[in-house]
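Trainee: Structure here, sequence nowhere to be found:
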């Protein structure tokens, strides 16, 4: 029984396997977290994985079209929110997470910002006030957009 | 549908790298890009999708008095699930 080596598989098959693996893990965790332990047949997991695979592909196509319609080439959080507009719960959840990400990334960005500061203004100090850092970052955003 | 608490309790998650690659495969315009934060959001949607699929099929199996989820249980929840996502 010659089993193909993982490296010999095509990119798509590798991705499919990754999805299948992750779906299996999540399914098992959901099943074991219930009051009555539930296990999954292999085919059931494969069916869910196939559904997820096609769904993510659909998401890819939709997101690109949403971004293009908004005349952007980079897909942003608003496009994802448009994607889940029909599901109230999910919409709220995504909104909350994207706000969390925005506020959480400010500390990460600050670190990155310091590095950029060194590049941009080699002479000046990079331990400026928060206001300065944020101001600089806005500028960097504009630069990156172009 | 008490998604908030249950979803956060699940430690296994989808690999964001994989999601990013699948999304990129679908892009027709090579100029289209996607940021890591945005991929995280899509990952979250996919995570909820998988958990819902699993939970609803578990429910179907339990209703049928079984403790093993078979393909027909997933098939039964698919139409509603696809309408919700």
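Mentor: That came through, no problem. Not measured: the values here are computed from a predicted model.
Trainee: quick one: contacts for the residue of chain B found nearest chain A?
Mentor: Of all residues in chain B, residue B:26 sits closest to chain A, with a separation of 3.0 Å (CB to the nearest CB). For the C-beta atoms, the positions are set from N, CA and C on the backbone; glycine is no exception. Going by CB atoms under 8 Å, 6 or more residues apart in numbering or on different chains, residue B:26 touches A:57, A:60-61, A:64.
Trainee: residue boundaries of the helices in chain B?
Mentor: Taking DSSP state H as the criterion, chain B carries its helices at B:3-9, B:16-26, B:36-63, B:71-84.
Trainee: Let me have these in a markdown table, extended by mean pLDDT.
Mentor: Output for the helices of chain B, formatted as a markdown table (pLDDT from 0 to 100):
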| stretch | mean pLDDT |
| --- | --- |
| helix B:3-9 | 66 |
| helix B:16-26 | 95 |
| helix B:36-63 | 95 |
| helix B:71-84 | 95 |
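Trainee: Could I get the contacting residues of the spatially closest residue to residue B:85 that is not a sequence neighbour?
Mentor: Leaving aside its sequence neighbours, residue B:85 sits nearest to residue B:49 (CB to CB, 6 or more residues apart in numbering or on different chains; 5.2 Å). Residue B:49 makes contact with A:52, A:55, B:81, B:85, according to CB under 8 Å, 6+ apart.
Trainee: Ok, residue B:78 next?
Mentor: Contacts of residue B:78 by CB under 8 Å, 6+ apart are A:47, A:51.
Trainee: again, only using 6 Å
Mentor: Contacts for residue B:78 were tallied using CB atoms under 6 Å, 6 or more residues apart in numbering or on different chains; there are none.
Trainee: distance of it from residue B:11?
Mentor: 26 Å (CB to CB, to the nearest Å).
Trainee: if I read this right, residue A:80 contacts residue B:39, doesn't it?
Mentor: No: look at residue A:80 against residue B:39 with CB atoms under 6 Å: they stay out of range, at 9.4 Å.
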